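Chemist: Turn this into a structure:
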Amino acid sequence: KELGDKGKTITDADLRAIIDQVKGEEGKKYIVLGDLLAVSGNKIIPTASVSAKVNGKEIMEAATGDGPVDAAIKALERIVGELDVSLEEYHVDAVTGGSDATVSVMVKVKSGDRVATASGVHSDIIMASVMAMINGINTILRQ
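Modeler: Okay, here's the model as predicted:
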């Protein structure tokens with residue numbers, strides 16, 4: 001109700017988060033982001049290095065991509081390689097204005113026959129994207 005009262009559109013990801021909170025499952029995080037480093041420019045190949053704890057084990061991977069977000073998502077997909085996770089949909093909304101705008105990233109993540117919609121919010125679009133992807137993977141693992 002608070003989200004709706006604030007004029008925010010309530011998404012499937014919001015509803016899932018509310019359900020998990022009520023059920024006491026919001027704390028079950030199989031993947032926790034450690035470090036994220038992304039490099040991009042007009043004369044270099046976009047590259048990202050991501051470290052995360054997966055079931056308590058620290059794993060680090062790096063990848064290149066079409067941009068820093070793509071590289072970071074590919075590195076994260078390598079970290080959870082055995083899950084065969086794929087990003088099915090990706091959507092970005094600016095929550096505030098200006099070059100330092102807070103962005104909300106909504107993703108649809110798939111692993112086998114399991115699908116999850118999740119979001120991430122941050123002033124850094126790469127962080128918001130990785131957070132959304134991790135939230136989606138954690139949702140799949142709780143299913």
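
Chemist: And for the nearest residue to L83 once chain neighbours are set aside, the neighbour number?
Modeler: Among residues not flanking L83 along the chain, S111 sits closest, at 4.9 Å (CB to CB, 6 or more residues apart in numbering). Using the backbone N, CA and C atoms, a C-beta is placed for each residue, glycine as well. S111: 18 surrounding residues under other CB atoms under 10 Å.

Chemist: how about S111, what does it touch?
Modeler: L83, D84, V85, S86, I137, I140 (CB atoms under 8 Å, 6 or more residues apart in numbering).

Chemist: Strands - which of those residues land there?
Modeler: V85, S86 (DSSP state E).

Chemist: Of the contacts of S111, keep whichever come out buried.
Modeler: L83, V85, I137, I140 (16 or more other CB atoms under 10 Å).

Chemist: Mind picking the lowest-pLDDT entry from these?
Modeler: Lowest pLDDT among the buried ones among the contacts of S111: L83, with 87.

Chemist: still on that earlier bit, can I get the buried ones among the contacts of S111 in JSON lines including distance to V32?
Modeler: Below are those laid out as JSON lines (distance: CB to CB, whole Å):
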{"residue": "L83", "distance to V32": "15"}
{"residue": "V85", "distance to V32": "16"}
{"residue": "I137", "distance to V32": "11"}
{"residue": "I140", "distance to V32": "15"}
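
Chemist: just these now: which is nearest A116?
Modeler: Nearest to A116 out of these is I140 (CB to CB; 4.7 Å).

Chemist: The one helix or strand V115 maps to pairs with which strands, parallel or anti?
Modeler: Here V115 sits within strand 114-122, counting by DSSP states H and E. Strands that pair with strand 114-122, judged by DSSP bridges, come out as strand 103-111 (antiparallel).
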